[in-house]
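Engineer: let's see this in three dimensions:
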Amino acid sequence: MAEDNRDVDMGNSDDDSSSEEEVDIDPQDEQRIMQLESQLETSPTVYDLHVQLLELLKKYKLKARLRSARQRMHSLFPFNENQWMDWINDEMESISSPKDIDEIKQLFQVATQDYVSVTIWESYLEFLQAADPDVLSKTAAGGDVFRRAAEAALTAAGLHLSEGHHIWQTYRSHEQSVAEESGDEKQLERVRSLYHRQLQLPNPQAPELLQEYEEWETQHGKASVPQHIRAAAQRSSDAAQLRAAHEAAVSADKTADATLLAAYMAYIQLEKAQKDPARVQLLYERAVSVFPVTSELWLQYTRYLETEVKVPTLINQVYARAVRNCPWVGSLWAAALRAHERLGGPDQEHEAMATKALAAGLQGPEDYLAVLLARADCLRHQLPTPAGPSSPAAGKLQAWFTHSRSTMTQYFPAYLDRSLSLQAYCAHVEGVLLGDLASMREVWEDTVKGQLGRYYETWLGWITMERSLRQLSAARSLFKRCYSRHFEEGGQLALAYEWIKFEREEGSAEDLFIASLKVDPIIEQATAAATAAANQPAAAVARAAAQNANKLSRDEIKAKRRANDPNFKERKPGVKRDHEDSTMAPEAAAAGLSSPQKRTKEHADEHMADTTDAGFDAAAAAAAKQPVVYSDEHTVFVKGLGFDVGEEDLRRLFAELGVKSVRLGRDKATGASRVGVGVLVRGYCWATDAVCTLRTCLQAGNCVLVLPQAHGMYMRLQASVMS
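Structural biologist: Numbering: from 1, shown residues only. Modelled structure (predicted):
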């Protein structure tokens, strides 16, 4: 992409240096100047430091240092109209030779490239008339120099509705003065042509201009103005009237705020409807001169040029100005890179532009990604067909991907690209375009082992790519590998459904059955949690009921157990626990309960039922130190519990059935309880009572389902009761 923002070397004269030595500078200002120059050596891209330095140097008229400071600043930033006119006027004050005139002409030419400015163009033409020897003497060479500059001014700003007539007037006045001196008919025709051209453009001064033209024709022997010129002048006036309100809304005295920007956009839409690309382009130029750091405006402008104007040189020039004004915006750099490639620019320039963009101070990870991907796209387009891993183009692209990943890791180690734009792209190139499945899987393996592995989209992206390559066994293995992981944002449920869908579309009946067995518990658990969460009014009622529920005393618990448990025996004072266990073993065997060996822990914990509430907690803490033996006959499974349900809530819920202790499963990472719990009861009949009595109830606002442990063996939450 060629850049037209040329640096200006105005040179340094001895007179400037000697005059600076005689200037008296306030010591504080001198110290501040030195401080600013030192800061700019280490931080050259800080705009305000440049501005402060220019103000101090201009205050003391340090011309040589001021010129050098301006050149240094302009090499990094564009100048607005006022900055350019200050520079140019300062240089005009020291004109002493034809060389100075040439340098100021060069300065004007560079000044017209930053932003459109009628003032700068008009000043340039006036300078040529006053200072250029050939133009001043009205030679043929001087006429050519002036006409080239004037035509460039008309192209850039001649269509400006409220100010463009100044350029037309300056141009026409010069040609009229030449015609008056020469009397050449050809020169008169030049003047006439300028009148005709301006009268065909929207112009609020069209009636006055037509009258002026009639007088000029009368002076040069023509009785009347052609009718088609009169008609054109009327159309010019009507067109100006159509735009008058819009022009007033964007006048120079308006504050640069959102209202003014909206007015410019409305004006641009009007000109687009009139289908005049030149006027649309001028309005965009006027808008960016007022809002130079509004990147969205630059993006709209360049997209219009690409779709409507389609002039490669102009497009590249505007993109160069856009990234110069907004160097921190990655989307602008990316658009410039893509346009450069599409318009046939050399790859060396494309690579240099991408490198420059990465060093331009991009703000966020998305900006870096935009540039990195734009360059990667260009390199991918260079791959031969068919492509192989050993081709030079492939090696170049692979090296860029390696550089891209290291760049993102270096600048943004904590950034998570959930869209996998870089990782998935790299894997796609390796596996799909280059046919290297091993390298593709290596890219994915590195990705899932990082922070992105906590999200199911990452695994699903890998699975989808394997499936697209018809590597169904590999895809199924990935499902089996990751379905039980606890992903962020409910990803486990989404992945479960994806696995079922995959097996329905790709697998056999047996594959679908196996997948269903593995994911059905996950789906049921999530469904119960969703149902409970949706019943918020019931949750409030249940919480209130749980808080107001009466606690059973020790005697009440014994009475309920004595009435419902045929195996219950009260412990006699002074009888050792081992003796009681041995006498209970035959009865327990006859009742179909577990063997004494399996119930050792249960009998060891039985004394907890005979204690007070405080003794209950102490005994539970002591028993927790021993390994607990659980069996399906003594376990019921409760599902549908909310995440805020605690052990005390469950004790109150099962209190009348003689719950001895409750154990909630905990999430290893967060420590929060899981949805569902199993409760171990003294005998199977008690588990049955729990199922019958509490099959469906409310606990903390959730619909709770109580099942025998045999129906919920996949749950991890259990509790024991006293025996």
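
Engineer: flag the shaky bits of the chain, pLDDT-wise.
Structural biologist: Within the chain, the ranges that satisfy pLDDT under 70 run 1-22, 538-539, 542-543, 545-547, 549-552, 567-645, 650, 654-723.

Engineer: what about the strands in it?
Structural biologist: 635-639, 661-663, 677-680, 696-699, 702-708, 718-720 (DSSP state E).

Engineer: which helix runs longest in this structure?
Structural biologist: helix 509-534 (DSSP state H).

Engineer: which strands or helices does it pack on?
Structural biologist: Contacts defined by 3 or more C-beta pairs under 8 Å, 6 or more residues apart in numbering; DSSP states H and E place helix 509-534 against helix 472-482, helix 491-506, strand 635-639, strand 702-708. (Each C-beta comes from the backbone N, C-alpha and C, glycine too.)

Engineer: the same query, at a cut-off of 10 Å, please.
Structural biologist: helix 472-482, helix 491-506, helix 536-548, strand 635-639, strand 702-708 (3 or more C-beta pairs under 10 Å, 6 or more residues apart in numbering; DSSP states H and E).

Engineer: so that helix versus helix 472-482, what angle?
Structural biologist: 40 degrees (axes from the mean of the first three to the mean of the last three C-alpha atoms, to 10 degrees).

Engineer: buried residues, helix 509-534. List them.
Structural biologist: 511-512, 515, 518-519, 521-522, 524-526, 528-529, 532 (16 or more other C-beta atoms under 10 Å).

Engineer: now that helix, how far from the centre of its chain.
Structural biologist: 35 Å (C-alpha atoms, centre = their mean, to the nearest Å).

Engineer: what ranges do the helices span in the stretch 51-200 of the chain?
Structural biologist: 63-74, 81-92, 98-114, 118-131, 133-136, 140-157, 165-182, 185-199 (DSSP state H, counting those that start in this stretch).

Engineer: E212: which of those is closest?
Structural biologist: With respect to E212, and counting by C-beta to C-beta, the nearest of these is helix 185-199 at 8.0 Å.

Engineer: just checking, what packs against that closest one?
Structural biologist: Packed next to helix 185-199, using 3+ C-beta pairs under 10 Å, 6+ apart, are helix 140-157, helix 165-182, helix 206-219, helix 227-249.

Engineer: mind doing that once more with 6 Å?
Structural biologist: helix 165-182, helix 227-249 (3 or more C-beta pairs under 6 Å, 6 or more residues apart in numbering; DSSP states H and E).

Engineer: buried sites along stretch 196-211?
Structural biologist: 196, 198-206, 209-210.

Engineer: of all those residues, which comes closest to E506?
Structural biologist: P202 (65.1 Å).

Engineer: next, work out how far apart the closest one and E247 are.
Structural biologist: Counting by C-beta to C-beta, to the nearest Å, the gap from P202 to E247 is 10 Å.

Engineer: what does Y483 give?
Structural biologist: Taken as C-beta to C-beta, the span from Y483 to E247 is 65 Å.

Engineer: with V443 instead?
Structural biologist: The value you get for V443 to E247, if C-beta to C-beta is used, is 56 Å.

Engineer: neighbour count: those two, which is higher?
Structural biologist: V443 (23 against 17; other C-beta atoms under 10 Å).

Engineer: contacting residues around the closest residue to the more buried one other than its chain neighbours?
Structural biologist: Excluding its sequence neighbours, the residue lying closest to V443 (C-beta to C-beta, 6 or more residues apart in numbering) is A427, at 4.3 Å. Counting by C-beta atoms under 6 Å, 6 or more residues apart in numbering, A427 makes contact with 440, 443-444.

Engineer: can you add distance to E506 and give the residues you listed back as JSON lines?
Structural biologist: JSON lines is the format used below for those (distance: C-beta to C-beta, whole Å):
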{"residue": "M440", "distance to E506": "19"}
{"residue": "V443", "distance to E506": "23"}
{"residue": "W444", "distance to E506": "19"}
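
Engineer: quickly name whichever of the residues you listed is closest to L358.
Structural biologist: Checking the contacts of A427 against L358 by C-beta to C-beta gives V443 as the nearest, at 21.7 Å.

Engineer: touching, that closest one and C426? I think so.
Structural biologist: Yes: if you go by C-beta atoms under 6 Å, V443 and C426 touch, sitting 5.2 Å apart.

Engineer: and stretch 114-123, end to end?
Structural biologist: Criterion C-alpha to C-alpha, to the nearest Å; first-to-last residue distance in stretch 114-123 is 16 Å.

Engineer: got a list of contacts for that stretch?
Structural biologist: Under C-beta under 6 Å, 6+ apart, the answer for stretch 114-123 is 78-79, 81, 84, 111-112, 153, 156-157, 160, 163, 166-167, 170, 285, 289.

Engineer: out of the residues you listed, which are buried?
Structural biologist: 78-79, 81, 84, 111-112, 153, 156-157, 160, 163, 166-167, 170, 285.

Engineer: quick one: S68 and Y368, what's the gap?
Structural biologist: From S68 to Y368 the distance is 34 Å (C-beta to C-beta).

Engineer: how about Q31?
Structural biologist: Taking C-beta to C-beta, one finds Q31 at 39 Å from Y368.

Engineer: and for A258?
Structural biologist: 29 Å.

Engineer: comparing these two, which residue is more hemmed in?
Structural biologist: Counted by other C-beta under 10 Å, A258 and Y368 do not tie: Y368 has more neighbours, with 22 against 9.

Engineer: pretty sure Y319 contacts A335?
Structural biologist: No: under the criterion of C-beta under 6 Å, Y319 is not in contact with A335, lying 7.0 Å apart.

Engineer: quick check on those two: which one has the bigger neighbour count.
Structural biologist: Y319 (28 against 22).

Engineer: many thanks, have a good one.
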